[in-house]
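S.K.: Test case, fold it:
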Amino acid sequence: MQDTKFIWRNGKFVPWFEANIHVLSHGLHYGSGVFEGIRVYKTKSGSSIFRLEEHVERLFNSANAICLEIPFSKESIATAIKETVAINCLEEGYIRPLVFSGYGEMGISHASTNPVEVAIACWPWGHYHVDKPLDIKTSSYIRIHPNSTKVEAKICGHYVNSILAMQEIIGTKYHEVLMLDCDGFVSECSSANIFIIKNNILYTPTLGTILSGITRNFVIKLAIDLGYEVVEKHITLDDVYNADEAFFTGTAVEIAPIGSLDDRNIGTDNSYPISNLIKEHYKSVVHGESTTYENYLTKVAG
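M.R.: Now for the predicted structure:
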């Protein structure tokens, strides 16, 4: 990670290496925190943040899911995010707002009674994966059961599930994992949503066992606007094996075509025409080259 100069913490900017917490902070021990991943892009009119309002809204919804009361308004957090990017002179990169239960009483019953900490960091971050189709593998770990947590919330503790899944492929040829839900249907990868394409129709797993991705939501709209039908349904592994194309979506991964699953090539056309079409339109939107979706971009300054 390439550090920047300042991190916004509880309403003040502090130097990067001084943004410390107590070792007995509740969130460190129990995962009692929530976060967002947001991207800022360089455009012709200056740096702009993609879907800032939606990310802030989800941050607050996630905090509410585990009874953390953020001691700032949504407007204040949105402003702080823009100011964090500006003070660090970051033209393009990644933004990480974090809300967690801080130092106070130990024990799982104190998540909502301890002081709530809020931090915002940003740093340069290029493409999450190399610009080639991903080789992925079905994980032996299933996605967290929807009756055991609130899957629609971006909770820190959830990502132990993703860490375990990714550890299975460390040192292998695979770039990512595909996780199934408790009923054996396709859920998502370690930190992104999935789409498959069959006969020019896009399919993506229905909500209920997946994170409702902000990029996923936009891709659904974008694909429909491009004239494609999009269907949300239960997807099986065979559906993916037999798809014409497949791709991941997410703030970090952006749009990433999938070349193979479990050593089976997906589709017969290595050009991935629809996936790459959506990818190119997405890039055009986030870099401010498309006026159709300019309301999805928030300028950092001005």
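
S.K.: chain center to stretch 121-141, what's the gap?
M.R.: Relative to the mean C-alpha coordinate of its chain, stretch 121-141 is positioned 11 Å out (C-alpha atoms, centre = their mean, to the nearest Å).

S.K.: and if you look at stretch 196-203?
M.R.: On C-alpha atoms, centre = their mean, the centre of stretch 196-203 falls 23 Å from that of its chain.

S.K.: quick one: contacts of it?
M.R.: Residues outside stretch 196-203 that contact it (C-beta atoms under 8 Å, 6 or more residues apart in numbering): 195, 204, 220, 223, 228-233, 235, 239-240, 242-246, 274-275. Bear in mind the C-beta positions are built from the backbone N, C-alpha and C, glycine included.

S.K.: And stretch 171-190, by the same measure?
M.R.: 129, 134-139, 141-143, 145-146, 161-163, 165-166, 168-169, 192, 194, 205, 209-211, 234-237, 239-240, 248, 261.

S.K.: How about that stretch, which residues are buried there?
M.R.: Neighbour counts over stretch 171-190 (16 or more other C-beta atoms under 10 Å) mark 174-181, 185-190 as buried.

S.K.: Tell me how far that stretch lies from the chain's centre.
M.R.: 16 Å.

S.K.: For it, give the mean pLDDT please.
M.R.: The pLDDT scores in stretch 171-190 average 97.

S.K.: Convert the C-alpha atoms of it to CSV, please.
M.R.: Output in CSV follows, covering the C-alpha atoms of stretch 171-190 (Å, rounded to 0.1, in the frame of the first residue of the first chain):
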residue,chain,number,x,y,z
GLY,A,171,0.2,-19.8,-4.5
THR,A,172,-1.9,-21.3,-7.2
LYS,A,173,-2.7,-20.2,-10.7
TYR,A,174,-6.1,-18.9,-9.7
HIS,A,175,-6.9,-15.2,-9.3
GLU,A,176,-10.2,-15.4,-7.4
VAL,A,177,-12.7,-17.8,-5.7
LEU,A,178,-16.3,-18.3,-6.4
MET,A,179,-18.4,-18.9,-3.3
LEU,A,180,-21.7,-20.7,-3.2
ASP,A,181,-24.6,-20.0,-0.8
CYS,A,182,-26.0,-22.3,1.8
ASP,A,183,-28.3,-23.9,-0.8
GLY,A,184,-25.5,-24.5,-3.3
PHE,A,185,-26.3,-21.6,-5.6
VAL,A,186,-23.7,-19.2,-6.8
SER,A,187,-23.3,-16.2,-4.4
GLU,A,188,-20.3,-14.0,-5.1
CYS,A,189,-16.5,-14.0,-5.1
SER,A,190,-14.4,-13.0,-2.1
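
S.K.: how far away is the most far-flung residue of the chain relative to its centre from residue 34?
M.R.: Each residue of the chain has a distance to the centre, and by C-alpha atoms, centre = their mean the biggest one is for residue 105: 30.8 Å. Taking C-beta to C-beta, to the nearest Å as the measure, residue 105 and residue 34 are separated by 20 Å.

S.K.: Wait, a strand at residue 48?
M.R.: Yes - counting by DSSP: H, G, I helix; E, B strand; the rest coil, residue 48 is found in a strand.

S.K.: Quick check: it touching residue 38?
M.R.: No - between residue 48 and residue 38 there is no contact under C-beta atoms under 8 Å: 11.3 Å.

S.K.: Listing request: residues of the chain with sub-threshold pLDDT.
M.R.: Residue ranges of the chain with pLDDT under 70: 128-130, 302.

S.K.: quick one on the thing from earlier: got the contact list for the residue farthest from the centre of the chain?
M.R.: 26, 113, 114 are the contacts of residue 105 under C-beta under 8 Å, 6+ apart.

S.K.: about what we covered before: out of the buried residues of stretch 171-190, which are inside strands?
M.R.: 176, 177, 178, 179, 180, 186, 187, 188, 189 (DSSP state E).
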